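*Asks:* the following comprises the amino acid sequence and a computationally predicted model.
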Amino acid sequence: MGSITLKQVTKAFGPKEVIPPLDLDIHDGEFVVFVGPSGCGKSTLLRLIAGLEDVTSGSIVIDGKEATDAAPAKRGLAMVFQSYALYPHMSVRKNIAFPLKMAKLSQAEIDAKVENAARILNLADYIDRRPGQLSGGQRQRVAIGRAIVREPAAFLFDEPLSNLDAALRVTMRQEISELHQSLATTMIYVTHDQVEAMTMADKIVVLHDGYIEQVGAPLELYERPRNMFVAGFIGSPK
Ligand code: ADP
Ligand code: MG
């Protein structure tokens with residue numbers, strides 16, 4: 001569970017081609033980071049995978065199944081946004097339970113899954129508070145909790161830490177890496193922060209104007225950047 005293949009995927013907004021034909025293989029359980037400067041298409045690529053945008057051409061296969069035209073909810077993926085996207089009028093517990101209520105699970109199943117997520121993320125102390133009463137890091141944990149209860153084949157993160165201060169970013173980075181280790185679920189993580197990419201990724205995808213400059217393990221990109229763009233963005237110029 002959690003393999004994603006993009007074949008000749010393109011995306012245009014009107015006359016503007018934002019993603020030229022792109023091929024990418026993401027393997028089950030991998031932590032893949034999309035990195036590149038602002039406007040290079042990281043969010044668009046993630047949204048295409050999530051089904052929040054339609055591809056202009058090409059295909060997306062998730063766990064061996066054609067998913068190009070599948071509705072977002074049918075893809076078995078869970079997205080975590082930079083803005084948290086929590087419901088302000090609901091408690092933490094209700095925010096996390098919400099996708100399960102939508103899926104019409106029994107109250108007992110919902111309670112068990114919410115409790116499990118609260119334990120994993122250490123948020124039992126503020127489970128009855130509303131988002132407005134939480135710090136940024138706590139809100140981000142709730143947003144991750146809401147993804148965890150859905151038991152997705154893959155988590156998709158779009159710059160989840162960029163609203164947090166530097167010290168908290170380091171803590172949350174570690175928490176997300178630990179979560180990846182314990183769940184062993186595929187994670188795709190978008191960032192423009194090279195340090196995040198280098199410390200978190202199994203595989204880094206370097207994007208530039210919508211195309212892939214290089215794909216590889218952090219050390220491989222650092223030691224053998226294919227060109228000056230990758231070198232400048234990831235490692236030391238050679
Ligand atoms: P990144 O996340 O790497 O900063 P984006 O994927 O948000 O980049 O954007 C890539 C390019 O696509 C940018 O030039 C952006 O202006 C354009 N773009 C993104 N979404 C839309 C949209 N809905 N309509 C038109 N252009 C868009
Ligand atoms: Mg973006």
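*Replies:* Sure thing, it's come through. Ligands and ions are numbered 1, 2, ... in the order given.

*Asks:* now do the strands in this structure.
*Replies:* 4-13, 16-26, 31-35, 57-62, 65-66, 77-81, 154-158, 186-191, 203-208, 211-216 (DSSP state E).

*Asks:* do you know which of the ones you listed lies nearest Arg129?
*Replies:* strand 77-81 (19.5 Å; CB to CB). No exception for glycine: its C-beta is placed from N, CA and C like everyone else's.

*Asks:* what helices or strands is that closest one leaning on?
*Replies:* Helices and strands touching strand 77-81, by 3 or more CB pairs under 8 Å, 6 or more residues apart in numbering; DSSP states H and E, are helix 42-50, helix 136-148, strand 154-158.

*Asks:* contacts for the longest one, please.
*Replies:* Put plainly, it is helix 136-148. With contact meaning CB atoms under 8 Å, 6 or more residues apart in numbering, helix 136-148 is reached by 78-81, 84-86, 92, 95-96, 98-99, 114, 116-118, 120-123, 126, 131, 134, 155, 160-161, 163-165, 168, 171-172, 175-176, 179, 183.

*Asks:* kindly recompute the last result at 6 Å.
*Replies:* 78, 80, 84, 86, 92, 95-96, 117, 121, 123, 131, 155, 160, 163-164, 168, 172 (CB atoms under 6 Å, 6 or more residues apart in numbering).

*Asks:* one more: the first one?
*Replies:* Outside of helix 42-50, the residues within contact range by CB under 6 Å, 6+ apart are 11, 18, 34, 36, 53, 55, 72, 77, 79, 156, 158, 190, 207.

*Asks:* of those residues, grab the buried ones for ChimeraX.
*Replies:* In ChimeraX syntax, the buried subset of the contacts of helix 42-50 is picked out as below (16 or more other CB atoms under 10 Å):
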select :11,18,34,36,53,55,77,79,156,158,190,207
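
*Asks:* just put the contacts of helix 42-50 in a markdown table and tack on distance to Leu219.
*Replies:* Below are the contacts of helix 42-50 laid out as a markdown table (distance: CB to CB, whole Å):
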| residue | distance to Leu219 |
| --- | --- |
| Lys11 | 31 |
| Val18 | 30 |
| Phe34 | 18 |
| Gly36 | 19 |
| Glu53 | 33 |
| Val55 | 32 |
| Pro72 | 34 |
| Leu77 | 28 |
| Met79 | 29 |
| Leu156 | 25 |
| Asp158 | 25 |
| Val190 | 21 |
| Leu207 | 19 |
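
*Asks:* so which of the contacts of helix 42-50 comes closest to ligand 1?
*Replies:* Val18 (3.9 Å; CB to the nearest ligand atom).

*Asks:* any idea which of the strands of the chain scores lowest on pLDDT?
*Replies:* Of all the strands of the chain, strand 77-81 carries the lowest average pLDDT, namely a mean of 92.
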